[in-house]
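Participant: show me how the following folds:
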Amino acid sequence: MAPPVLSVGRAGAVGVLELARPDKFNAITHEVFRLMAEALNAFEAEGSGIRAVLVCAQGRHFCTGGDLAEAQSMEGDPAALARYLEDMNRGLCRLEASPLPVVAACQGLALAGGLELALCCDVVFAAGDARFGDQHAQYGLVPAWGATQRLPRLVGMKRALDLMYSGRWIDAATAEGWGLVNHVVAAEGLRQAALDYCADLAGKSRPGLRAMKELARASESLPLEQGLRAEQARVVAVMQGPDPQEGIAAFLEKRAPRFIG
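Facilitator: You can find the predicted model right below:
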């Protein structure tokens, strides 16, 4: 029986998705995204108790990209390759669109598809020894999982093109300065720091965090005026739920809130 390519678990109210091919530098296969979608469906289900998701990886490296042997098997069949890429992109978009907060913990190398995976997460923790980059230009390839679209939006056009053209790696401190990474921590404390952050999110209002995420993601494609109207409408809707009343009461009573949403 083949070993799993993705380990799915939980730590309290945190769902954990762990890439599990350390001997292959966690190269991503089609099966990874299929299992990830199944896990997200379970995490997001009513009554699951999961309120945040951690994406992490076994071994020395986060992920060095897609499994090229799998992609190469479709060489000479453009229709099959197009279907494969569509499926892989659907998997990344599924993660990006999760209503739950999604946090990545990156150690070692996060390259090509590994970088694209991190780009789909809401918050990124990086070990001090982590390196980020895009390798496609080194091999005559083009990013196929969204780097040409997400990276310029996040770090700016010139930085994105430089990273893609050159194939160079940037260290965690540089990635943090560019806005690619949110938190740089010691390598030995990476997993715990990311889990602690997720556990803190798990104590917040689930409808509130969901609204923030959906409004912020929508802002990338909406004119400001339209986005502001959407925000106002969503605030009115959220305020009809129990969590805002509990939050205000907790503030006035000088206690920690107990959210139920």
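
Participant: quick one: contacts for residue 187?
Facilitator: 107, 127-129 (Cβ atoms under 8 Å, 6 or more residues apart in numbering). Every C-beta, even on glycine, is put in place using the N, C-alpha and C of the backbone.

Participant: report the two of these separated the most.
Facilitator: The most widely separated members of the contacts of residue 187, counting by Cβ to Cβ, are 107 and 128 (9.4 Å).

Participant: neighbour count for those two, which is higher?
Facilitator: Neighbours were tallied for residue 107 and for residue 128 using other Cβ atoms under 10 Å; the higher tally belongs to residue 107 (24 against 15).

Participant: which one is the more buried one nearest to, not counting chain neighbours?
Facilitator: The shortest distance from residue 107 to any residue other than its chain neighbours is 4.2 Å, reached at residue 127 (Cβ to Cβ, 6 or more residues apart in numbering).

Participant: roughly how far does the one you found sit from residue 104?
Facilitator: The spacing between residue 127 and residue 104, counted by Cβ to Cβ, to the nearest Å, is 12 Å.

Participant: neighbour-wise, which of those two wins?
Facilitator: Taking neighbours as other Cβ under 10 Å, residue 127 and residue 104 compare with residue 104 leading, 28 against 21.

Participant: is it true that the more buried one lies in a helix?
Facilitator: No: read with DSSP: H, G, I helix; E, B strand; the rest coil, residue 104 is strand and lies in no helix.

Participant: tell me the pLDDT at residue 60?
Facilitator: Looking at residue 60, its pLDDT is 97.

Participant: what ranges do the helices span in the chain?
Facilitator: Here the chain has its helices, by DSSP state H, at 30-44, 68-72, 78-96, 113-119, 147-155, 157-166, 172-178, 190-202, 206-218, 224-238, 242-252.

Participant: give the buried residues for the last one.
Facilitator: Spelled out, it's helix 242-252. Using 16 or more other Cβ atoms under 10 Å as the test for burial, helix 242-252 gives 243-244, 246-247.

Participant: next: the shortest one.
Facilitator: Burial within helix 68-72, assessed by neighbour count using 16+ other Cβ under 10 Å, is assigned to residue 71.

Participant: ditto for stretch 56-73
Facilitator: For stretch 56-73, the buried set under the neighbour-count rule, 16+ other Cβ under 10 Å, comprises 56-57, 59, 61-67, 71.

Participant: distance to residue 21 added to the residues you listed, as TSV?
Facilitator: Formatted as TSV, the buried residues of stretch 56-73 follow (distance: Cβ to Cβ, whole Å):
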residue	distance to residue 21
56	13
57	9
59	8
61	10
62	12
63	9
64	10
65	12
66	12
67	8
71	15
